[in-house]
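# 3D, please:
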Amino acid sequence: MNLFDWMNMNMIVDIAFLVFSCAIIWKFREVSKKIEQCDSSVKSIEQSMICHREDINIVMKNPQSARRLLKEREQ
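Modelled structure (predicted):
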């Protein structure tokens, strides 16, 4: 194998490495965006759970005040 063949082979390997590394980086970024979206949806679900838990506590302690609170929220 002469120098030109060796350089040509080396260039093919380098190009393949660059292509695969770019593809991996793109995929990691895509996955991280999906993870961030899931985190934001989990946070909103947690907030709604906290609100519902507070409502349940109010109903257990005093159902009449819970009815009044519900009517105030509806208006």
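
# what is the mean pLDDT for the biggest helix by length in the chain?
Taking DSSP state H as the criterion, the chain has its longest helix at helix 3-61. Model confidence over helix 3-61, given as mean pLDDT, is 90.

# Look up how far Cys22 lies from Ile15.
11 Å (C-beta to C-beta, to the nearest Å). Yep, even glycine has a C-beta here, placed from its N, CA and C like the rest.

# before we move on, what about Asp5?
26 Å.

# can you check Met60 too?
57 Å.

# ditto for Glu72
Distance from Glu72 to Cys22, by C-beta to C-beta: 57 Å.

# likewise Gln64?
Gln64 is 65 Å from Cys22, by C-beta to C-beta.

# same deal with Glu46?
36 Å.

# again, but for Pro63
62 Å.

# Then Ser40?
As judged by C-beta to C-beta, Ser40 and Cys22 stand 28 Å apart.

# before we move on, what about Met11?
Counting by C-beta to C-beta - Met11 and Cys22 are separated by 17 Å.
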